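A.B. asks: Give me the fold of what follows.
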Amino acid sequence: MWCVKVTNFQLTYIILYDIILMKHNRFFVIVLFVVLFLFIFVVINLKNYFKLEKFGFKKHVVQLTPEVHNPLIISSGFKGHNYSKIAEMLSKIYPLKIKYHDGSSIKNMENLINKKCDLAICQDYTVISAFLGLHPYKKKHENLRYVSLLYLETTALLVNNKSGINSWQDLKEKVICIGRNTFASYHNFMSLSKIAGYKDGDIKIIKEAIFDKNIVEEFSNGSIDGLYISTAHPKKEIYELYTKVRFKIIGIEGLKKDLLKLKIPDFRDSTINLNDYNMGNEQGSLFKQSLGFSCCIVTRDDVPSNHIYKLTKTLFSNIEYIKSYSNDPFFKKVMENVLPSGLVSFNSLLKKHKGSLKYFKEIGIITNNSNPFCANYVGTGKCFNVTGMRHFGHGNIG
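C.D. replies: Model (predicted):
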């Protein structure tokens, strides 16, 4: 007896071939193929044959909006820093492309002005400077428009305990690292040092990122007396630095407040909670008085209104999601007190984009009512003529 080894495919082919050749089975094979063909046809057209909508099955057609096909570009700066976290959160719920780079507010504004992006995240002090053509900008950029405020950034001068610095009046001939000139912090310090009465050369300035490894080492050993930054608090890097070297935080000590108001009219009173850095007991106070600048999203007036309207609506409708998105406990702390009413700027100098303005009027945050006591609470449409009542906006605020 001969044994021949065959594969499964070969065996199947032989069986089918034998069946087809057997005359008495030809009719069976033809019927089998016809039934198989009909079954496939019915399955493909199941919906038309059996009207499955009656059983709860529905056809869903997904149509992409124009915003998906043409997403806005937002300039955010360093990946992993607060600005980029905001941009990443928004990109999860609205079509955005993120432009990362090694700068911050100044670089973001530069990208916006040069039309390398449609949106920029930066300090409002930077926006106002660009709008008015003040340093470091050489001309006015009057096409800039607000979209929304975000959170408050507060100035902090970190000084080594051995530096002998107790206020802004103690900085002459001291070595201070203030960040690169693509950071708002750099330009903030230069303005504040002028307000404190210093001239160029009075302070030895280092233009490097203040938390670079070599800068931290020099600050720790006393080669650098101070580090300046304007940032949201608490900041992880400041917290970690305090575990390596003891330092004090200088707020506005040594700066004349009336002069601050004159030179920097848009600054806001702010405090730093020293308990967030576990340094309250050693500083002699739990809170440090300082000055704050709002972080904001800005655009140009040529960016389409429908895009900005939908972005603003998405931001306001999802503020709780945005506040809870990040797993970073420091960033969550920064965002925990952010409220929708705090996202609207009433700066009379820089206009809001038409898209944002439309949304703010729709929900009642802004009104054209000339009554100076109009408290047009969100969604109510009521106006109370009561002296001293807090109002969200009045007059023709744009």
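
A.B. asks: buried sites along stretch 81-92?
C.D. replies: His81, Asn82, Tyr83, Ser84, Lys85, Ile86, Ala87, Glu88, Met89, Leu90, Ser91 (16 or more other CB atoms under 10 Å). In short, each C-beta sits where N, CA and C put it, glycine included.

A.B. asks: same question, stretch 280-295
C.D. replies: Neighbour-count burial for stretch 280-295 [16+ other CB under 10 Å]: Gln283, Lys288, Ser290, Leu291, Gly292, Phe293, Ser294, Cys295.

A.B. asks: SS state for the third one?
C.D. replies: This means Ser290. Counting by DSSP: H, G, I helix; E, B strand; the rest coil, the backbone at Ser290 sits in strand.

A.B. asks: Next, count neighbours for Phe267.
C.D. replies: By other CB atoms under 10 Å, 22 other residues sit near Phe267.

A.B. asks: Tell me if I'm right that it and Ser290 touch.
C.D. replies: No: applying CB atoms under 8 Å as the test, Phe267 and Ser290 come out as separate, 9.6 Å apart.

A.B. asks: Can you tell me which of the buried residues of stretch 81-92 is closest to Leu315?
C.D. replies: Distances from Leu315 to the buried residues of stretch 81-92, taken as CB to CB, are shortest for Leu90 (6.8 Å).

A.B. asks: Doesn't that closest one belong to a helix?
C.D. replies: Yes: membership of Leu90 in a helix is supported by three-state DSSP.

A.B. asks: ok, now which ones touch it?
C.D. replies: Ile74, Leu96, Leu311, Thr314, Leu315, Ile322 (CB atoms under 8 Å, 6 or more residues apart in numbering).

A.B. asks: 7 Å instead, please
C.D. replies: Leu90 is in contact with Leu96, Leu315, counting by CB atoms under 7 Å, 6 or more residues apart in numbering.

A.B. asks: just Lys204 next, same as before
C.D. replies: Going by CB under 7 Å, 6+ apart, the list of residues near Lys204 reads Glu173, Lys174, Val175.

A.B. asks: how about low-confidence regions in the stretch 201-350 of the chain?
C.D. replies: Counting by pLDDT under 70, the stretch 201-350 of the chain contains low-confidence ranges at 281, 348.

A.B. asks: What residues sit buried inside stretch 226-243?
C.D. replies: Neighbour-count burial for stretch 226-243 [16+ other CB under 10 Å]: 226-235, 237-239, 241-242.

A.B. asks: swap in stretch 141-156?
C.D. replies: Per 16+ other CB under 10 Å, stretch 141-156 contains these buried residues: 141, 144-156.

A.B. asks: cool, and stretch 177-187?
C.D. replies: Buried residues in stretch 177-187 (16+ other CB under 10 Å): Cys177, Ile178, Gly179, Arg180, Thr182, Phe183, Ala184, Ser185, Tyr186, His187.

A.B. asks: what sits against Cys117?
C.D. replies: Taking CB under 7 Å, 6+ apart as the test, what Cys117 contacts is Ile73, Ile74, Ser75, Lys99, Asn111.

A.B. asks: secondary structure class for it?
C.D. replies: coil.

A.B. asks: Strands of the stretch 201-350 of the chain, residue ranges please.
C.D. replies: Ranges of strands in the stretch 201-350 of the chain, per DSSP state E, counting those that start in this stretch, are 204-206, 226-231, 247-250, 268-273, 287-300.

A.B. asks: who wins for proximity to Ser167 among those strands?
C.D. replies: The nearest among the strands of the stretch 201-350 of the chain, by CB to CB, is strand 247-250 at 6.4 Å.

A.B. asks: Provide the strand pairings for that closest one, with the direction of each partner.
C.D. replies: strand 144-160 (antiparallel) (DSSP bridges).

A.B. asks: per-residue confidence averaged over the strand it pairs with?
C.D. replies: Model confidence over strand 144-160, given as mean pLDDT, is 95.

A.B. asks: so after it, what's the next helix or strand?
C.D. replies: strand 175-177 (DSSP states H and E).

A.B. asks: what's the angle from the next helix or strand after that next one to strand 144-160?
C.D. replies: Later in the chain than strand 175-177, the nearest helix or strand by DSSP H and E is helix 184-195. Angle of helix 184-195 versus strand 144-160, following axes from the mean of the first three to the mean of the last three CA atoms, to 10 degrees, is 70 degrees.

A.B. asks: In three-state terms, label the residue nearest in space to the middle of the chain for me.
C.D. replies: By CA atoms, centre = their mean, the chain has its centre lying nearest to Ile86, at 2.4 Å. What three-state DSSP gives for Ile86 is helix.

A.B. asks: Skipping its backbone neighbours, what lies nearest Val344 in space?
C.D. replies: Counting by CB to CB, 6 or more residues apart in numbering, Ile365 is the residue found nearest to Val344 once chain neighbours are left out, at 5.4 Å.

A.B. asks: actually Lys235, not the one I typed
C.D. replies: Phe330 (6.4 Å).

A.B. asks: how deep is the closest residue to Ala232 other than its chain neighbours tucked in, by neighbour count?
C.D. replies: Leaving aside its sequence neighbours, Ala232 sits nearest to Val334 (CB to CB, 6+ apart; 4.3 Å). Neighbours of Val334 under the rule other CB under 10 Å: 24.

A.B. asks: Relative to Ser345, how far out is Val334?
C.D. replies: Between Val334 and Ser345 the computed distance is 18 Å (CB to CB, to the nearest Å).

A.B. asks: tell me the contacts of Arg180?
C.D. replies: Tyr186, Lys207, Glu208, Ala209.

A.B. asks: Could I get the pLDDT score of the nearest residue to the first one once chain neighbours are set aside?
C.D. replies: In this case it means Tyr186. What sits nearest to Tyr186 in space, not counting adjacent residues and going by CB to CB, 6+ apart, is Gly179, at 4.8 Å. Gly179 carries a pLDDT value of 94.

A.B. asks: Doesn't Gly103 lie inside a helix?
C.D. replies: No: counting by three-state DSSP, Gly103 is not part of a helix but coil.

A.B. asks: Find the nearest non-adjacent residue to it, please.
C.D. replies: Looking at Gly103 with CB to CB, 6+ apart, the closest residue is Thr182, at 3.2 Å.
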